[in-house]
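Q: Build me a model from this:
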Amino acid sequence: MPKYDFLIVGQGLAGTLISWVLRKHYQKEVAHVDRGHDTAASTAAAGLMNPITGRRYVKSWRFDDLLPEALTIYRELEEELHVSLVNQRNIIRSLFNRREENDWLVRTGDPDYQKYMLDTPDLQQYAQYIRPTFRYGEVQHSAQVHIGRLITAFRQKLKEEGRILEEPFRYDGLSVGAQGVQYGTLKADAVIFAEGAQAADNPYFNYLPFGGAKGQAIWVRIPGIHFEKILKQRIFIVPWKDDIYWIGSTNANRFPHDQPTEEARQFLHDRLEDILTVPFEVLDHRSAIKPTVRDRRPFLGQHPTHNNLYIFNGLGTKGTSLGPYWARHLCAFILKNGILDKEVDINRFSSLLSNRDK
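A: Take a look at the predicted model:
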């Protein structure tokens, strides 16, 4: 059994991206342990990269840096995996009253926002299929990435190469030494934990303030409308393939279980019915637990006492755009003696470790 440079725990979006950067950009030997989770965030995500978010139309954190890195990495993966992943789609945003219109127009006058926002969208494609609102704006340089397709294709590649152990990771089965790590028959120089929401149970990093948000989405068939852009009218209507659209999502910080609920399905159904003037058919309904962080910044860093254990987590609801840039950043830290950005470095929570150990 060969010794790998890195063992990656997890093969969701974070694990896939860090694996690709290590392989493609640093020529490192990588193996994974991942059982696959039906409620992993990657299975239900729309995969949006959205530069303007929230009710106040705020530019997403560091989006000017994130977007070019994301497009580069996802295009590389498209070429390697021979699958289509990226659709660059504008987002039509509904403005419901005069205040929202004024807020939008103020943003469009800001030089930092002008490249991303239009105040005169083309609604010709939508007019006969949706109930109108007060006014609309349009977001540019947004995109949709088929995360589920990426995870599936990359997993197949790992399986063909014999680089993935498909089982639940057992933390008590990991042996950590000064010369490397061993997990069963797998040996590596270091481990990168990229387990998503499962990391709350990780004994090496469970002092970090992990959170979790449960999102639910439905997939529907809407024959004949042929939307090319994404519509945000309280919920998102995202073109998926042919006549199928992703509709979502709900968001809950407290939840008794990780399974889809009839309440959420009905909520999304009713909101979509309020928007459309044409019939639709619900095809699927999924839920996912998204790894979230208190300060909404990812977790990157090295274990405080085991210098061959690392974490890449907390990408949250904006993981599609955050993941590629911060995967490159962590790899540069590990392999090129780089310095971690203070906003993402887990050392910002070092006091929590001190308090736990008292």
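Q: ranges for the helices of the stretch 1-150 of the chain?
A: For the stretch 1-150 of the chain, the helices defined by DSSP state H, counting those that start in this stretch cover 13-26, 41-44, 63-81, 98-108, 147-161.
Q: now those in a markdown table, with distance to Gln88 and mean pLDDT?
A: For glycine as for every other residue, the C-beta is placed from the backbone atoms N, C-alpha and C. Listed next are those as a markdown table, based on distance: least, CB to CB, whole Å; pLDDT from 0 to 100:
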| stretch | distance to Gln88 | mean pLDDT |
| --- | --- | --- |
| helix 13-26 | 19 | 97 |
| helix 41-44 | 21 | 70 |
| helix 63-81 | 8 | 98 |
| helix 98-108 | 20 | 96 |
| helix 147-161 | 16 | 96 |
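Q: Arg254: which of these is closest?
A: helix 41-44 (17.1 Å; CB to CB).
Q: tell me, how many neighbours does Asn87 end up with?
A: By other CB atoms under 10 Å, 16 other residues sit near Asn87.
Q: swap in Lys159?
A: Lys159 has 12 nearby residues by other CB under 10 Å.
Q: List just the one of the helices of the stretch 1-150 of the chain that sits closest to Val181.
A: Nearest of those (CB to CB): helix 13-26, 15.4 Å.
Q: Got the phi and psi for the closest residue to His269 other than its chain neighbours?
A: Nearest residue to His269, sequence neighbours excluded (CB to CB, 6 or more residues apart in numbering): Val282, at 6.3 Å. Per-residue torsions, Val282: phi -80, psi 130 (degrees, to the nearest 10).
Q: Quick check, pLDDT for the most centrally placed residue in the chain.
A: Geometric centre of the chain, nearest residue: Gly319, 2.7 Å, by CA atoms, centre = their mean. We have a pLDDT of 94 for Gly319.
Q: got it, and Asn253?
A: pLDDT recorded at Asn253 is 85.
Q: That one: how many residues sit nearby?
A: The burial count assigned to Asn253 is 9, neighbours taken as other CB under 10 Å.
Q: residues near the closest residue to it other than its chain neighbours, how many?
A: Of all residues beyond its chain neighbours, the one nearest Asn253 is Ala213 (5.6 Å), with distances taken as CB to CB, 6+ apart. By other CB under 10 Å, the residues close to Ala213 number 20.
Q: For Ala213, pull up the helix or strand it's in.
A: In this assignment (DSSP states H and E), Ala213 forms part of strand 210-221.
Q: strand partners of that strand, parallel vs antiparallel please.
A: Sheet pairing of strand 210-221 (DSSP bridges) gives strand 244-252 (antiparallel), strand 281-293 (antiparallel).
Q: can I get the ones you listed in TSV with distance to Leu71?
A: Formatted as TSV, these follow (distance: least, CB to CB, whole Å):
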stretch	distance to Leu71
strand 244-252	20
strand 281-293	23
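Q: TSV please, covering the ones you listed and showing mean neighbour count and distance to Ala199.
A: Shown next, in TSV, are the strands paired with strand 210-221 (neighbours: other CB atoms under 10 Å; distance: least, CB to CB, whole Å):
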stretch	mean neighbour count	distance to Ala199
strand 244-252	20	19
strand 281-293	19	7
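Q: Good, we can wrap up now.
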